[in-house]
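> predicted model and sequence follow; I will ask about them next.
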Amino acid sequence: MENLSRRGILTLGAALGLVAVTETPKAWAWSSANSIAGTNSVTDPWDVWDDDTDPLLVSLLDNGQIPAVNNAFKSYIKNGDAIPAGLPPALTNYLRTHNKLPAWADQAKLDRAAAFNKRMSLYLFVLYGLGSGIMSTVIPREARNVYWSEGGADMKSRAAKTFTYGYDLNAPDAFKPSGMFITTSTKTRLTHAAVRHLLPQSAAWRGVTDHPIPISNGDILITFHSLGTYVHRKLTEWRRFGLRISAAEEEAFLHMWQVALYLLGVRQEFIPATWAAAYEQSEYALTPLLAPTREGIDLADILLNLTSSADLGITKGFQREFSRYVLSDEIGNWLRLPRDFVSRGVIETAWPTFVMFREGLSPVMPGTFSMFDKFIRGLAMLFLNNGTSASHTPITIPTHNRPGA
């Protein structure tokens, strides 16, 4: 795949996150006329956090109630589960109000998104795992927030919790009573509020941050663009290899992410109404803040080594070149990923043929089919082994930062 130029990335809205811009981020000018709220106002999401959740978590942390809450949450997994008895009354009331779909959620679209995710599953494992996951390490705020928080000290556990979120989102019944994603999102939202209270207490984090409070609505939008917007663009790019995506599927995929953003506490005035609006917004929410950091380079190496430990049927060089392929060589250079030019040649030649054969557009099975097939299925098993109900990694609310932070 050809590398995008710096100018091209900027004009495309940088949904792929391929450029570091060192100047101060430009003033927010994205109008909410392009949001699902359609209110035609301009509010800076970098200064919006979660007024419904933050005071509650401060109270729970200050009163030492989080360990008991985490213990009670072990049985609170499915969307239809009853709220555990014995929780602090304020938290019980919060869950009754927030652990549910918004009134505007369209179950037919969510069902269509689930079917789309199933059909695209092999591609999604690659793009989320070697694309979005590694891109997160060149988002300075996100990399530093993760590194200096409690989860940064145990990236295997932290990655497993991320897999849980992704697995629950992509499950066929994600938004139904038998699914888990609504409850998983609520726990994630509560976790974000705890981190917002804890990280500013870290001298190490304060020494590297450029914003006094982490995980604003703007930061969550960055995560959306590094996941949903990035994946949408890559899938549409791969249409030239024969990938088939209908307009209804694109709309459903966006709706799934709109609901996900709402469940994480993002204001409706910031949630893009269309993919065109999402790409426009990414110029404000993603492009200006991307750059390599010491923390990000360390995290990328840890994450890639986690996937290298799985039986993917390929070398580390091939894995790292595939990450470069779905992101860019610029990001690969930022993260100091070693080169394997032989593997790169195989990937650039064989991946399009692999996609064409899988989509039924080529009657001849490419000689590299089994290699790619084992590679992707290995990623899938790594993903699923950390996200099935048998090994569902619980999302727990932290009570402290990284040791020594």
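Ah, there it is. Predicted model only: the values in this text are computed from it and were never measured.

> surely residue 177 is within a helix?
No: judged by DSSP: H, G, I helix; E, B strand; the rest coil, residue 177 forms no part of a helix; its state is coil.

> measure it to residue 360 for me?
Relative to residue 360, residue 177 is positioned 36 Å away (Cβ to Cβ, to the nearest Å). C-beta: built from backbone N, CA, C; applies to glycine.

> end-to-end on stretch 327-346?
17 Å (Cα to Cα, to the nearest Å).

> let me see the mean pLDDT of that stretch.
Averaged over stretch 327-346, pLDDT sits at 95.

> against residue 27, how distant is the residue nearest to the spatial centre of the chain?
Taking Cα atoms, centre = their mean, the centroid of the chain lies closest to residue 227, which sits 4.6 Å from it. Separation of residue 227 from residue 27 (Cβ to Cβ): 25 Å.

> kindly report the same for residue 130.
34 Å.

> ok, now residue 362?
Residue 362 is 49 Å from residue 27, by Cβ to Cβ.

> between these two, who's got more neighbours?
More neighbours surround residue 362 than the other of residue 362 and residue 27, with 16 against 8 (other Cβ atoms under 10 Å).

> does that one fall in a helix, a strand, or a coil region?
Criterion first, three-state DSSP; result for residue 362: coil.

> that one against residue 356, yeah?
Yes: with contact defined as Cβ atoms under 8 Å, residue 362 counts as touching residue 356 (4.3 Å).

> shared neighbours, those two?
Residues touching both residue 362 and residue 356 (Cβ atoms under 8 Å, 6 or more residues apart in numbering): residue 242.

> pLDDT weak spots in this protein?
Under the criterion pLDDT under 70, the flagged ranges of the chain are 1-26, 307-313, 364, 366, 380-392.

> re the thing from before, what residues does the nearest residue to the residue nearest to the centre of the chain once chain neighbours are set aside make contact with?
Counting by Cβ to Cβ, 6 or more residues apart in numbering, residue 132 is the residue found nearest to residue 227 once chain neighbours are left out, at 4.8 Å. Residue 132 makes contact with 226-227, 230-231, according to Cβ under 8 Å, 6+ apart.

> ok, residue 300 next?
Neighbour list for residue 300: 134, 137-138, 335, 337 [criterion: Cβ under 8 Å, 6+ apart].

> can you list the buried residues in the helix or strand hosting it?
Here residue 300, judged by DSSP states H and E, is contained in helix 294-308. By neighbour count with 16 or more other Cβ atoms under 10 Å, helix 294-308 contains the buried residues 295-300, 302-304, 306-307.

> measure residue 72 to residue 186 for me?
For residue 72 relative to residue 186 (Cβ to Cβ), the value is 13 Å.

> likewise for residue 179?
In terms of Cβ to Cβ, residue 179 sits 13 Å off from residue 186.

> before we move on, what about residue 263?
Using Cβ to Cβ, residue 263 is found at 7 Å from residue 186.

> so residue 72 and residue 186 - more neighbours on which side?
The neighbour comparison of residue 72 against residue 186 (other Cβ under 10 Å) goes to residue 186, with 23 against 16.

> which one is that one nearest to, not counting chain neighbours?
residue 99 (4.6 Å).

> wait, what's in contact with residue 91?
The contact partners of residue 91, by Cβ under 8 Å, 6+ apart, come to 56, 60, 69.

> mind listing what's buried along the helix or strand hosting it?
Per DSSP H and E: residue 91 is located in helix 89-98. By neighbour count on 16+ other Cβ under 10 Å, the buried set for helix 89-98 is 91, 94-95, 98.

> could I get the contacting residues of the residue nearest to residue 186?
Residue 99 sits in contact with 79, 83, 182-183, 186, where contact means Cβ under 8 Å, 6+ apart.

> secondary structure and distance to residue 170 for the residues you listed - can I get that in a markdown table?
Putting the contacts of residue 99 into a markdown table (DSSP: H, G, I helix; E, B strand; the rest coil; distance: Cβ to Cβ, whole Å) gives the following:
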| residue | secondary structure | distance to residue 170 |
| --- | --- | --- |
| 79 | coil | 15 |
| 83 | coil | 25 |
| 182 | helix | 14 |
| 183 | helix | 15 |
| 186 | helix | 18 |
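
> report the two of those residues separated the most.
83 and 182 (12.7 Å; Cβ to Cβ).

> more neighbours: these two, which one.
Using other Cβ under 10 Å as the criterion, residue 83 and residue 182 rank with residue 182 on top: 24 against 15.

> quick one: residues contacting that one.
With contact taken as Cβ under 8 Å, 6+ apart, residue 182 is in contact with 79, 99-101, 175, 263.

> just the buried ones among the residues you listed, please.
Burial by neighbour count, 16+ other Cβ under 10 Å: within the contacts of residue 182 this picks out 79, 99, 101, 175, 263.
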